[in-house]
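Peer 1: show me the folded form of this:
(one chain, ligands or ions: 2)
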Amino acid sequence: MSIKHFLQFSDLSLSEFEYLIARANLIKRKFKHYEPHHTLLDRTLVMVFEKSSTRTRLSFEAGMHQLGGAAIYLHTRDSQLGRGEPIEDAGQVMSRMCDIIMVRTYGQEIIERFAEYSRVPVINGLTNEHHPCQVLADIFTYVEHRGSIRGKEIAWVGDANNMLYSWLQAAQVFNFHMRVSTPKEYPIDPKLISPENGNFTLFEDPSQACAGAHLINTDVWTSMGYEAENAARLKAFDGWIIDSEKMKLAAADALFMHCLPAHRGEEVAADVIDGPQSVVWDEAENRLHVQKALLEYLVRGRL
Ligand code: CP
Ligand code: NVA
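Peer 2: Residues are numbered from 1 along each chain as shown. Ligands and ions are numbered 1, 2, ... in the order given. Now for the predicted structure:
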């Protein structure tokens, strides 16, 4: 049987995502009722982190325990990866001792190489280029609040980063339209977008990107690994804050999302992220439910 990885959003099909959303619904309902759901009894997840995390670690680790399995946390700084063990060797060794692996690292090519040498499914827990698990949780959250996302207008105002590239892939899979505005100094990288992707429009003016949107999305201006650019970024992103003025331009029932952690007063105003249109806490919680569905699916298939 061929192994299925989730290294970027486009690795799964619409029908697989529809299954995962339905399954996550069931898993969430059971969790809320304290009903056991041990579909990965005695299975083991290994989590490899090369960057910091709160939500990703917690949701995968708690999720795996709740599925009846175990999760093991490895960080580069205290494993042999940090001392130069080749990624190919790590992929071979780790995958002989567990059933599924999650990796958070820098370049996408690192996780691709790791997966090539792995005997078990590999999940992208964030790379410089993609953050597919977060976008899966975000779409699940949108669907919970507003129903189908197909045909909706989704604004992205901020950095051309991992979150945006995963959203752009999701737009193609789910057939919605993205209104994207990034500062001219930080344009999207065409190499990271499929040439067939006609599901987005670029706007120079961040306010225009928000006009009529059903969902407004942003993220930090400086992602992990880019800290040296922080001062230049603060300058370039001046004007890209999501504040109540921009929210007013969106559809009356528009939602606000941010994958967190957030910087109030930089990319988002406090009254927006803490206001009535914000669903950021649901997004964070839903990482748990959708990733349980994903772990189950990649290890055991449709149940
Ligand atoms: N949103 C997200 O991935 O958060 P962490 O960096 O805390 O895992
Ligand atoms: N774009 C951010 C997301 C953090 C969850 C980063 O890569 O740091």
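
Peer 1: gap between the residue lying farthest from the centre of the chain and residue 101?
Peer 2: In the chain, counting by C-alpha atoms, centre = their mean, residue 83 sits farthest out from the average C-alpha position, at 28.4 Å. For residue 83, the distance to residue 101 equals 19 Å [C-beta to C-beta, to the nearest Å]. For every residue, glycine as well, the C-beta is placed using N, CA and C.

Peer 1: residues from the stretch 151-300 of the chain in reach of ligand 1?
Peer 2: Residues of the stretch 151-300 of the chain lying close to ligand 1 (C-beta under 6 Å from any ligand atom) are 259-260.

Peer 1: ligand 2 contacts on the stretch 151-300 of the chain?
Peer 2: So the stretch 151-300 of the chain meets ligand 2 at 161-163, 219-220, 223-224, 259 (C-beta under 6 Å from any ligand atom).

Peer 1: can you tell me what sits against the helix or strand containing residue 47?
Peer 2: Element membership for residue 47, per DSSP states H and E: strand 44-49. Under the contact criterion C-beta atoms under 8 Å, 6 or more residues apart in numbering, strand 44-49 has outside partners 57, 60-61, 64, 69-76, 79, 81, 90, 94, 97-105, 114, 125, 295.

Peer 1: any idea how many residues pack against the closest residue to residue 264 other than its chain neighbours?
Peer 2: Nearest residue to residue 264 in three dimensions, chain neighbours excluded: residue 270, at 4.3 Å (C-beta to C-beta, 6 or more residues apart in numbering). Neighbourhood size, residue 270 [other C-beta atoms under 10 Å]: 11.

Peer 1: what's near enough to touch whichever residue of the stretch 151-300 of the chain sits closest to ligand 1?
Peer 2: Proximity of the stretch 151-300 of the chain to ligand 1 (C-beta to the nearest ligand atom) peaks at residue 259, 4.0 Å away. Contact partners of residue 259, counting by C-beta under 8 Å, 6+ apart, are 131, 134, 138, 163, 219, 283.

Peer 1: all helices for the protein, in order.
Peer 2: 14-32, 55-66, 87-95, 108-116, 132-146, 162-174, 206-210, 230-236, 244-249, 270-273, 280-300 (DSSP state H).

Peer 1: residue 249 reaches residue 216, doesn't it?
Peer 2: No - taking contacts as C-beta atoms under 8 Å, residue 249 lies outside contact range of residue 216: 9.0 Å.

Peer 1: which of the two has more neighbours?
Peer 2: Higher neighbour count among residue 249 and residue 216: residue 216, with 29 against 17, using other C-beta under 10 Å.

Peer 1: hey, what's the more buried one bridged with?
Peer 2: For residue 216, the beta-bridge partners under DSSP bridges are residue 155, residue 256.

Peer 1: identify the residues contacting it.
Peer 2: Taking C-beta under 8 Å, 6+ apart as the test, what residue 216 contacts is 155, 157, 210, 242, 246-247, 250, 254-257.

Peer 1: most surrounded residue in the residues you listed?
Peer 2: residue 155 leads those on contacts (other C-beta under 10 Å) with 31 neighbours.

Peer 1: relative to residue 200, how far out is that residue?
Peer 2: In terms of C-beta to C-beta, residue 155 sits 10 Å off from residue 200.
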